[in-house]
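Novice: Here is my input; please provide its structure:
(one chain, ligands or ions: 1)
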Amino acid sequence: MQSLCYVRYMRRLWGPAQAYRLLKGTNMHRSVHQLQLHKKAMEDNKPWALFSEVGENGYLAEVTEIMEQHFKIICHKDFLQNPQLYGPKIQAMFVWNARPAAEPSLLSSLPSLKVVANGGVGIDHLDVPYINSLGVKVTNTPGVVSDATADIALGLLLASARKIVEGHQIAVDPKTTHIPESLMGVEVTGSTLGIIGMGHIGCRIAQRARGFDMKILYHNRNRRSVEDEQAVGASYCENMDDLLKESDFVMLAVNLSPATTGLISHRELSLMKPTATLVNISRGLVVDQDALVKALQSGTIRAAALDVTHPEPLPRDHPLLGLPNVLITPHVGTNTYTTTRRMVQRMVENGLAAVKGQSIPNEVKPK
Ligand SMILES: O=C(O)C(=O)CO
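Specialist: Below is the predicted model:
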């Protein structure tokens, strides 16, 4: 605080730009930056929001720009420089890639917080009842993530079935003289896809799979209406075991909850066909990863394609990373420019509505 007073004094003496130049490279340099941010925010008269990954270039710059149309954004690093100064001003927190974590220690320094607006549909990293108990709303972005996530689901399925990544490695290897038998894949067209979790994303996956003439089975907590089933051409399996036994591709698209944690373990994997592929675009914890490693090593199932793992990223020495029959992407289900923009716009709409006390488009209520 003492140093902030000193910086204010220097700014008065020299003006902000000269003070910034003179203090550059010193510890006070950051404080000048904070003061500039603070002054700009005061002038703008917009509500303050905390965001972890403020970007100066690339797509994060655009993300920040969308947020800055309605909020004064302070990044987590700057906030941590002076929580006493910024904490009471912050009314919204934008959570991106689960950062910054909405932990009690952080929340307790944000007494004016009205909303934690999450980018993405999964809110398993947020303790909704606890956050609500502080009088703070939680929001997410359903719907806007579904198409991009369904696209990556089909991408993983196809890449694993047809060994596209292995094919690329062989094609760019100058030593390759012939196509090895190891590149033989499994047929997708006409095969059976079993979708576990037929929510919005599951339905979009089914719609795409119809284009491959796949037979589509699904298992869900609650059976969908006959109209829904007909619209996506999927048949209900009340018993998940039946789906596991019949499917060539098992697609996990459930939310993570206590009921779905470890849903796929030794027993479930042993029910699958030895030629089957497990695709997971939900959350890493839905699968018992030790059981999956064993199933892949022993040939219990053919392969796995995972956009999600636990933890993310996996430690470099994790056995899954060394297996030839695993394809892993680093949780990029929503990583397109269009979907990212839509998600951020929705986060901002949710955040703004909560701050203004209006009806919130996507409030998450505790179950
Ligand atoms: O929306 C989410 O929660 C995702 O993880 C998308 O991949």
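Novice: what's the burial count for the residue in the stretch 251-367 of the chain that the ligand sits nearest to?
Specialist: The ligand sits closest to Gly333 of the stretch 251-367 of the chain, with a gap of 2.6 Å, by C-beta to the nearest ligand atom. Quick note: C-beta positions are derived from backbone N, CA and C, even for glycine. Neighbour count of Gly333, defined by other C-beta atoms under 10 Å: 25.
Novice: right, and the secondary structure at the nearest residue to it once chain neighbours are set aside would be what?
Specialist: In this structure, Gly333 finds its nearest non-sequential neighbour in Thr149, 4.0 Å apart by C-beta to C-beta, 6 or more residues apart in numbering. Look at Thr149: counting by DSSP: H, G, I helix; E, B strand; the rest coil, its state is helix.
Novice: Show the contacting residues for Thr149.
Specialist: Contacts for Thr149 (C-beta atoms under 8 Å, 6 or more residues apart in numbering) come out as 201, 204, 281, 333-334.
Novice: try Phe94
Specialist: So Phe94 contacts 49-52, 67, 73, 117, 119, 347, 351 (C-beta under 8 Å, 6+ apart).
Novice: Quick check: of those, which has the highest neighbour count?
Specialist: So for the contacts of Phe94 (other C-beta under 10 Å), the most neighbours sit at Ala117, 32 neighbours.
Novice: who's that one bridged to?
Specialist: Phe94, Thr139 (DSSP bridges).
Novice: Please determine how far it is located from Leu323.
Specialist: Counting by C-beta to C-beta, to the nearest Å, the gap from Ala117 to Leu323 is 38 Å.
Novice: returning to that earlier point: which one of the contacts of Phe94 sits closest to Val232?
Specialist: Ranked by distance to Val232 (C-beta to C-beta), these are led by Gly119 at 26.5 Å.
Novice: thinking the closest one is in contact with Arg99, fair?
Specialist: No: using C-beta atoms under 8 Å, Gly119 is not in contact with Arg99; the gap is 10.3 Å.
Novice: Point me to the helix or strand that includes Leu158.
Specialist: helix 146-162 (DSSP states H and E).
Novice: what distance separates the next helix-or-strand element following that helix from the centre of its chain?
Specialist: Downstream of helix 146-162, the next assigned helix or strand under DSSP H and E is helix 164-171. The chain centroid and the centroid of helix 164-171 are separated by 27 Å, computed with C-alpha atoms, centre = their mean, to the nearest Å.
Novice: Format the CA atom coordinates belonging to helix 164-171 as PDB.
Specialist: What follows is helix 164-171 as a C-alpha-only set of coordinates in PDB (Å, rounded to 0.1, in the frame of the first residue of the first chain):
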ATOM      1  CA  ILE A 164      -5.300 -41.200 -39.200                       C
ATOM      2  CA  VAL A 165      -2.600 -40.000 -36.800                       C
ATOM      3  CA  GLU A 166      -0.400 -43.100 -37.300                       C
ATOM      4  CA  GLY A 167      -0.900 -42.700 -41.100                       C
ATOM      5  CA  HIS A 168       0.300 -39.200 -41.000                       C
ATOM      6  CA  GLN A 169       3.400 -40.200 -39.000                       C
ATOM      7  CA  ILE A 170       4.200 -42.900 -41.600                       C
ATOM      8  CA  ALA A 171       3.500 -40.600 -44.600                       C
END
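Novice: Pull the residues that contact the following helix or strand past that helix.
Specialist: On the C-terminal side of helix 164-171, the nearest following helix or strand under DSSP H and E is strand 192-196. The contact list for strand 192-196, computed with C-beta under 8 Å, 6+ apart, reads 157, 202, 205-206, 209, 214-220, 234, 237, 240, 243-244, 246-254, 263.
Novice: So what are the sheet partners of strand 192-196 and their directions?
Specialist: For strand 192-196, pairing defined by DSSP bridges yields strand 215-219 (parallel), strand 249-252 (parallel).
Novice: Let me see the mean pLDDT of that strand.
Specialist: The average pLDDT for strand 192-196 rounds to 98.
Novice: buried set for that strand?
Specialist: 192-196 (16 or more other C-beta atoms under 10 Å).
Novice: next one: that strand to chain centre, how far?
Specialist: With C-alpha atoms, centre = their mean, you get 22 Å for strand 192-196.
Novice: Just the CA atoms of it, as PDB, please.
Specialist: Output of strand 192-196 as PDB, limited to C-alpha atoms (Å, rounded to 0.1, in the frame of the first residue of the first chain):
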ATOM      1  CA  THR A 192     -23.000 -49.700 -34.200                       C
ATOM      2  CA  LEU A 193     -22.500 -46.600 -32.000                       C
ATOM      3  CA  GLY A 194     -23.500 -46.700 -28.400                       C
ATOM      4  CA  ILE A 195     -23.900 -43.200 -26.900                       C
ATOM      5  CA  ILE A 196     -23.900 -43.000 -23.100                       C
END
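Novice: If I take it and helix 146-162, what angle do their directions form?
Specialist: On the basis of axes from the mean of the first three to the mean of the last three C-alpha atoms, to 10 degrees, strand 192-196 is oriented at 140 degrees to helix 146-162.
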